[in-house]
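Trainee: Got a sequence here, can you build the structure:
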Amino acid sequence: MQNKGALRFLTVLLVLACAYQLSFTLVTKLTERKATQYAAANYPAQEQEAARGAYLDSIGTKKIYLGFTYKECQEREINLGLDLRGGMNVMMQISVEDVVRAMSGDSKDPVFTAAMAEARTAQGNSSQDFISLFADAYDRLSGGAPLAYIFNTPDLKEEILPTSTNEQVLTVLRERTDGAISNSFNVLRNRIDRFGVANPNIQRLDNGRVLIELPGVKEPERVRKLLQGTASLEFWATFDNNEIFGALAQANEEVARLNEIAAAPAAEVAEDAAAEEGAAATEAVEGAEETAEVAETPAAEAATTISDDAVLAEIADAGSAELGAVAADRNDLFAKLIPMGPGAPGPIIGMAASYDTAAVNKMLALPQVKAMLPRELRLMWGVMPSEMVENMFELYAVNANTRDGKAPLDGGVIVDARADYRETGSDAEVSMTMNSAGARTWANLTRDNIGKSVAIVLDGYVYSAPTVNDEISGGRSSITGNFTIQLATDLANVLESGKLPAPARIIQDSVVGPSLGRDSINSGMMSFIIAFIVTLLYMCIYYNRAGWYSSIALVTNLFLLFGVLVSFGAVLTLPGIAGIVLTMGMAVDANVIIYERIKEELRAGKGLGLAVIEGYKNAMSAIIDGNLTTVITGIVLFVFGTGPVQGFATTLIIGIITSLFTSIFIARLLIDDRIVRGKKVSFARKWNANFLTDTKFDFIGKRKISYIISGALILVTFVSIFTRGFNMGVDFSGGRAYVVHFDQPVTDEVARERMSAVFDGIAEGGASSWEVKTYGTDGTDKRILLQYKFDDESDEATAEVNQLLWEAMNPLFVTPLTLEEFNSTQDVFYGIIQSDKVGPSVAHDITRNSVIAVVFSLLAIGLYIFVRVRKWQWGMGAVISLAHNAAVVFGLFSLFWGVLPFALEIDQSFIAAILTIIGYSINDTVVIFDRIREYHTLYPKRSMFENINGAINSTLGRTMNTSGTTIITLLAIFLFGGTVIRGFILALLVGIVVGTYSSVFVATPVAYDMMKKNSKKQ
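Mentor: Below you'll find the predicted structure:
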């Protein structure tokens, strides 16, 4: 092998780069361990979680590793999927319908109303966007009337003229809708950023959909309310800091007094109890209770917030000493909120660290404190950290002096907002235009606040507070400041968000409790470790010293795989772990192909060095073809899948690339180095040296037997599908799915009786609207599927379903749970530990994408085989074989659902398994086809019958070893990987067994018969 030095250098660079990427995960985990130890040493058990979080927040901006802060290290660590760490996955639909209705000026035209209703109904079962559906419906219902009649409104009169064609109108509608969706996306992103979730993921999808992943979230109801609230853009007058500082100082003293009162009774109770018995102690306890009621929360809250001396020192160093002295041992308001001081101008009255804002809010919400502040005062935080002090947020004093307490001006008056560079200087500015009604109110607001600031507020957070220089009439304004073009664009988008309402609703959500996530990690890692060790031992035992080299290459492959995953920011999911294990099997496959070819060359009498060279050379085409076909299926999975399926596809694709590198180059370097030193490399042991090397089985001659077996399997499959059908998961049927964990074993029959008692009387369809399924083997977990009101996406419908489910299941607990305990996915022992909801439009899209993915994979692989082999019969034989494999697995899931003690659902994971089976089994088929092509070249005088039989027999060793190692690894995951992915792994297991069979007994015989028939015609 040439360029060994360059290859070694590249390998070292890759290893170092991956070690660097993975080091952030190690540093993050060590830091989190320190936080856990700190909380355990200084706080009682019930407060340790809050203390741990506060500790991590306090060091969020500290540089802890190679110049990176803790938060930056956290962003670079391995991202675990929700199935491994718990959390919430939400798909939101931004309401394009409401945007279109707003652009029509809320038209009451009956044809417009009917067309909108028809488009809304059609969208549930169509892949077209809402505007296209509306345009088709309006054109048909109106008899071809122009859309300009509806949309030539005052707000759009400059873009849509009375003479505009329908195509021109639709172009404007799509542009405006896309802008509204972008604004809504930004609003959602800002809301998520304020929710305090580590490593959130938010992606904009097609058709106005947004995918949101929130790891570690324990309050799903709060998330739902936060995400679905309508954005509210408002303009407020403000107080000056000098007007508020005196009252704020009094509030500070009151907080200190309340904290002292709340802390005093505990000591008094202890002294009285030690000095006196009986009545005196009782009086002291009563006094403590009364005082606790008066103080409400400050003492308790102070115990859950950490004041880190080092952080406070950093704040002082950054300049906050000029704003107000802060000491770690203070118990007043100013211990958390740094005041601006009596002489500071502007609407900002103070600032606080991000992790202290909640404590400040609770102190300022105390009745005793609110009584000392002006009645019109509303305190709002800035949305971005302060430019003066890093990681500090500014608190604005808003003047709510209107009669109804509402903002004098809202975002509905904005006609246009855009960012641009100023005529002088390099700063950017934001220009906005209001309608006539807004212009009049804006003129009054600016006239009354000359020299003061006007706060621009979205969702209760201040985005900007420009100072008013003069009265602004005419409705045209410019907002200036130290804006970059990006900041100016963001502010313009905020202003635009109030113009076109684009509310978002949840159409799919999935919640995984942290306890289930930990169980998934434990079971997933256990299965992974066992599979990895078994694979290494198998290679070492079977291939002797060469097996040791392949094991070293496999370990290197695993290291590189994780390093690349981290560097790409990929998310590791439970199916992703299965993908890694499958990748290990495919990495072994490449080594097996190479080693079997080397053994053939050695049996042919060649020397060790030449045999290695020829073995690698002759094995290369089969390895490349087999892995490329699997990459095709991985790409299809990534394009058409979502969530865990994409995680599986990502690890599969990256794993194939790294396994090719390590199998072809790393193992080769080790073997060549030993040969150069004049030492021997063994590729077999005495007991297996001639295993499957001289077989003479007549595969083609016995093909009719295989046709009968396959025909019988297919027949059973179709009979089962048409009689029993499938156990459709919510991904395809739509609905709600829950996993309920009980505190005692519960039989399916008893659970069904309870469901029937509650749901059959109210749910349309009776028992057909719900289903109880076995989940796990100990009887304490039940998976419950509900169709009741699944197409109602309101929070009220979700609350009603959860209430009914609680009424049905609660009597089955030894210790009954409250509704809140039952619905909580927080770190609790019993109740709902996982929930999923899929709306009808999402279910339709998933079904469509799954069908496209399977068909596209079959066609793409068939086309690839045709291009490589140059005969359509080989491609057709491969496609028929792959379809045969998929059909058998479908039949298995149809025949045994409800029989086996784990779920056999047709869902996205099942489709991922089908596509993986297609990609993996074609690997074996390609190896056989490649050997047949080689035999035709080596032995042109032999008949096609002899060459095909000879090629199949010569690859039996590779076929058995590859399939054997993959089956062993998957069997380890099946046994130890947990209930969550057991059905998924069973599909892979059966698919690989059937795929190995079909590569030999279906694909090749079918191709042979078609070529034979074609030659007879010729």
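Trainee: Going by C-alpha atoms from here, please, whenever you check contacts or count neighbours.
Mentor: Fine.
Trainee: buried ones in stretch 351-367?
Mentor: Across stretch 351-367, burial judged by 16 or more other Cα atoms under 10 Å covers M351, A352, A353, S354, Y355, D356, T357, A359, V360, M363, L364, L366.
Trainee: can you check stretch 738-755 too?
Mentor: Residues of stretch 738-755 classed as buried: Y738, V739, V740, H741, F742, D743, V746, D748, A751, R752, R754, M755 (neighbour count, 16+ other Cα under 10 Å).
Trainee: With respect to pLDDT, which of those ranks lowest?
Mentor: Of all the buried residues of stretch 738-755, D748 has the smallest pLDDT value, namely 80.
Trainee: Report the buried residues of stretch 847-862.
Mentor: Buried residues in stretch 847-862, defined by neighbour count with 16+ other Cα under 10 Å: T847, R848, N849, S850, A853, V854, S857, L858, A860, I861, G862.
Trainee: Let's have those residues in TSV, adding pLDDT and secondary structure.
Mentor: Shown next, in TSV, are those (pLDDT from 0 to 100; DSSP: H, G, I helix; E, B strand; the rest coil):
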residue	pLDDT	secondary structure
T847	73	helix
R848	75	helix
N849	75	helix
S850	75	helix
A853	78	helix
V854	78	helix
S857	79	helix
L858	78	helix
A860	81	helix
I861	79	helix
G862	77	helix
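Trainee: Return the member of those residues nearest to R703.
Mentor: G862 (21.7 Å; Cα to Cα).
Trainee: Grab the nearest non-local neighbour of that closest one.
Mentor: Once flanking residues are discounted, G862 sits nearest to G875: 4.6 Å by Cα to Cα, 6 or more residues apart in numbering.
Trainee: now do V631
Mentor: Distances taken as Cα to Cα, 6+ apart put I653 closest to V631, at 5.8 Å, once the chain neighbours are dropped.
Trainee: list the contacts for that neighbour?
Mentor: I653 sits next to V631, G634, I635 when contact means Cα atoms under 8 Å, 6 or more residues apart in numbering.
Trainee: Tell me the spacing between the first one and A439.
Mentor: When Cα to Cα, to the nearest Å is the yardstick, V631 and A439 sit 59 Å from each other.
Trainee: again, but for the second one
Mentor: Shown here: G634 relative to A439, a distance of 56 Å by Cα to Cα.
Trainee: Compare neighbour counts for these two and give me the winner.
Mentor: Using other Cα atoms under 10 Å as the criterion, G634 and A439 rank with G634 on top: 26 against 21.
Trainee: Which residue is the nearest non-sequential neighbour of the more buried one?
Mentor: Residue nearest to G634 in three dimensions, not counting chain neighbours: A649, with 4.9 Å by Cα to Cα, 6+ apart.
Trainee: ditto for N947
Mentor: Sequence neighbours aside, Y935 is the residue nearest to N947 in space, at 5.8 Å (criterion: Cα to Cα, 6+ apart).
Trainee: so who does that neighbour touch?
Mentor: Neighbouring residues of Y935 by Cα under 8 Å, 6+ apart: N947, I948, G950, A951.
Trainee: pLDDT wise, what is the third one at?
Mentor: Among the per-residue scores, G950 shows a pLDDT of 91.
Trainee: Please, which helix or strand holds it?
Mentor: helix 944-954 (DSSP states H and E).
Trainee: Mind listing residues that contact that helix?
Mentor: By Cα under 8 Å, 6+ apart, helix 944-954 touches 692-700, 928, 931-932, 935-936, 939, 1000, 1004, 1008.
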